[in-house]
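Enquirer: Need a 3D model of the following:
(one chain, ligands or ions: 1)
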Amino acid sequence: MTKPLAPGATIGILGGGQLGRMLALAAARLGLKCHTYDPAVDAPAAQVSDAHTAAPYDDIAALTAFAQGCAVVTYEFENIPTAALDAIEGACPIHPGRKALATSQDRLTEKEFLSGLGLHVAPYADITSADDIRTAMADMGTAGILKTRRFGYDGKGQVRLKTADEAEEAFAQLNGAPAILEGMVPLMSEISVIAARATDGAVAAFDPGENVHKDGILDTTTVPANVPNRLKSDAVLTAGRILNALDYVGVIGVEFFVTPSGLVVNEIAPRVHNSGHWTQNGCAIDQFEQHIRAIAGWPLGDGSRHSNVRMENLIGDDIDRVPDLAAKGAALHLYGKAEARPGRKMAHVNFITGPAG
Ligand code: AMP
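Expert: Sure, this is the predicted structure:
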């Protein structure tokens with residue numbers, strides 16, 4: 001894509017969840033149209049899009065027809081089958097590109113990429129047997145977390161091990177899936193940077209947010225993060241290096257562990273990110289608009305923050321708290337999901353806690 005998309009052009013979004021929904025809303029504000037693609041007919045993003053294809057991700061004919069009607073295709077999740085990407089790429093550009101997807105789809109590739117840039121990551125080893133776990137734990141000399149290389153999210157596909165005696169059982173729990181073992185990092189807190197890169201290589205980053213997880217799922221993000229300024233700069237510069245190395249177009253989420261010896265990169269997500277939802281009420285231009293601008297070939301907005309914000313995720317029955325939160329002044333972001341199931345992200349709220357400071 002060489003020219004910026006004109007208003008009225010259609011952006012395709014693979015995945016119809018809440019991230020797709022908020023991308024579609026941002027695109028609509030910019031006068032762009034959205035066509036979403038998701039197996040579910042009433043997906044959250046479909047409710048607010050101009051067109052929706054309800055078909056599986058292995059329906060090559062449906063994917064091809066979808067892509068033929070789009071000027072550019074983006075996505076809200078990273079585990080997109082390769083054949084689907086091939087079909088789409090035959091018809092129109094995909095942003096962010098294949099390199100970012102391939103890197104983030106596989107934890108081993110991701111770790112190798114990040115350490116290849118000279119960035120700090122947790123100690124890790126490639127695991128294909130219980131024996132590999134025993135050897136890696138002896139080498140690392142710490143407790144560890146076994147993580148499947150692919151398809152893990154929100155703490156799924158992970159088993160924690162205190163000693164090497166648990167190797168057999170841990171490996172069996174992942175059903176023998178290819179995995180990595182990560183040594184436990186002495187983390188004091190977790191932060192993330194949401195950053196964007198435009199087609200001309202310009203980069204804009206939002207302030208790092210501090211994240212707290214509950215039961216493996218993001219619970220709150222707070223800005224400003226309670227970490228020294230030098231670590232905030234490190235985090236932002238690191239995100240910029242990752243964006244450049246991937247020749248990236250769009251918004252990325254980069255998660256870090258804060259440790260006594262500095263930042264350790266945990267993982268990257270080649271998409272808008274739950275820990276960037278605070279930008280909707282803390283910045284003039286939020287992560288969703290920034291992503292749409294980038295993939296449409298438009299100039300990025302500046303990512304400065306005008307307010308301090310605390311974002312709270314509403315998971316499952318938390319959705320019942322909405323009336324109370326509304327009365328307390330929260331900015332509400334509901335996803336249009338009919339049924340509240342345990343662990344299901346239903347909505348989030350942003351509390352503006354003061355002017356930026
Ligand atoms: P992940 O899905 O890889 O982000 O892991 C989920 C959560 O587990 C992280 O947010 C951390 O709180 C914790 N965790 C993951 N890997 C490590 C590690 N190597 N050392 C310490 N804690 C970790």
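
Enquirer: use CA for all of it now, contacts and neighbours both
Expert: Fine.

Enquirer: Show the low-confidence segments of this protein, by residue range.
Expert: 1-2, 153-155 (pLDDT under 70).

Enquirer: Which segments of it make up each domain?
Expert: Using automatic domain parsing, the domains assigned to the chain come out as 10-94, 123-183, 189-355.

Enquirer: Mind checking the ones you listed for the one nearest to the ligand?
Expert: The ligand lies closest, by Cα to the nearest ligand atom, to one member of these: domain 123-183, at 4.4 Å.

Enquirer: and the end-to-end length of the closest one?
Expert: 5 Å (Cα to Cα, to the nearest Å).

Enquirer: One more: stretch 10-30?
Expert: 11 Å.

Enquirer: In JSON lines, list the domains of the chain along with mean neighbour count and distance to residue 101.
Expert: Shown next, in JSON lines, are the domains of the chain (neighbours: other Cα atoms under 10 Å; distance: least, Cα to Cα, whole Å):
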{"stretch": "domain 10-94", "mean neighbour count": "20", "distance to residue 101": "6"}
{"stretch": "domain 123-183", "mean neighbour count": "18", "distance to residue 101": "12"}
{"stretch": "domain 189-355", "mean neighbour count": "20", "distance to residue 101": "7"}
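
Enquirer: Could I get those domains in a markdown table, plus columns for distance to residue 115?
Expert: As requested, those are exported to a markdown table (distance: least, Cα to Cα, whole Å):
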| stretch | distance to residue 115 |
| --- | --- |
| domain 10-94 | 21 |
| domain 123-183 | 10 |
| domain 189-355 | 9 |
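
Enquirer: Figure out which of the ones you listed is closest to residue 103.
Expert: Checking the domains of the chain against residue 103 by Cα to Cα gives domain 189-355 as the closest, at 8.8 Å.

Enquirer: returning to what we had before: next, format the domains of the chain as a markdown table and append distance to the ligand.
Expert: Listed next are the domains of the chain as a markdown table, based on distance: least, Cα to the nearest ligand atom, whole Å:
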| stretch | distance to the ligand |
| --- | --- |
| domain 10-94 | 14 |
| domain 123-183 | 4 |
| domain 189-355 | 6 |
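
Enquirer: Now do the end-to-end distance for stretch 39-46.
Expert: With Cα to Cα as the measure, the ends of stretch 39-46 fall 11 Å from one another.

Enquirer: how close does residue 165 get to residue 143?
Expert: Distance from residue 165 to residue 143, by Cα to Cα: 11 Å.

Enquirer: How about residue 297?
Expert: Taken as Cα to Cα, the span from residue 297 to residue 143 is 46 Å.

Enquirer: and the nearest residue to residue 31 once chain neighbours are set aside, how many neighbours does it have?
Expert: Among residues not flanking residue 31 along the chain, residue 7 sits closest, at 5.1 Å (Cα to Cα, 6 or more residues apart in numbering). Residue 7 has 13 neighbouring residues, counting by other Cα atoms under 10 Å.

Enquirer: For residue 7, grab phi and psi.
Expert: Dihedral angles of residue 7 (phi, psi; degrees, to the nearest 10) stand at phi -50, psi 140.

Enquirer: what sits against it?
Expert: 30-32 (Cα atoms under 8 Å, 6 or more residues apart in numbering).

Enquirer: Please repeat the previous calculation with a cut-off of 10 Å.
Expert: 27-28, 30-33, 296 (Cα atoms under 10 Å, 6 or more residues apart in numbering).

Enquirer: for those, which one is nearest residue 91?
Expert: Nearest to residue 91, judged by Cα to Cα, of those is residue 296 at 16.2 Å.

Enquirer: The closest one contacts residue 3, correct?
Expert: Yes. Here residue 296 reaches residue 3: they are 8.6 Å apart, a contact under Cα atoms under 10 Å.

Enquirer: Now for these two: what residues contact both?
Expert: Counting by Cα under 10 Å, 6+ apart, the common neighbours of residue 296 and residue 3 are residue 199.

Enquirer: State the next helix or strand along the chain beyond the lengthiest helix in the chain.
Expert: The residue-count maximum for a helix in the chain (DSSP state H) belongs to helix 229-245. Downstream of helix 229-245, the next assigned helix or strand under DSSP states H and E is strand 250-259.

Enquirer: and the angle for that next one with helix 229-245?
Expert: For strand 250-259 against helix 229-245, the angle by axes from the mean of the first three to the mean of the last three Cα atoms, to 10 degrees is 140 degrees.

Enquirer: Return the list of strands paired to strand 250-259, each annotated with direction.
Expert: Strand 250-259 sits in its sheet next to strand 189-197 (antiparallel), strand 262-269 (antiparallel), going by DSSP bridges.

Enquirer: Extract the C-alpha trace of that strand and format it as CSV.
Expert: Extracted C-alpha coordinates of strand 250-259, given in CSV (Å, rounded to 0.1, in the frame of the first residue of the first chain):
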residue,chain,number,x,y,z
GLY,A,250,0.2,-0.9,13.4
VAL,A,251,0.0,-1.1,17.2
ILE,A,252,1.9,-3.5,19.3
GLY,A,253,1.7,-4.5,23.0
VAL,A,254,5.0,-5.2,24.7
GLU,A,255,4.9,-6.7,28.2
PHE,A,256,7.8,-6.4,30.6
PHE,A,257,8.7,-7.8,34.0
VAL,A,258,10.3,-5.3,36.3
THR,A,259,13.1,-7.0,38.2
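
Enquirer: Give me the contact list for stretch 278-286.
Expert: 22, 26, 194, 206-207, 209, 220-223, 276-277, 287-289, 300-312, 331-333, 348-356.

Enquirer: Stretch 39-46 too?
Expert: Under the criterion Cα under 10 Å, 6+ apart, residues 13-25, 34-38, 47, 51-57, 59, 334-338 lie in contact with stretch 39-46.
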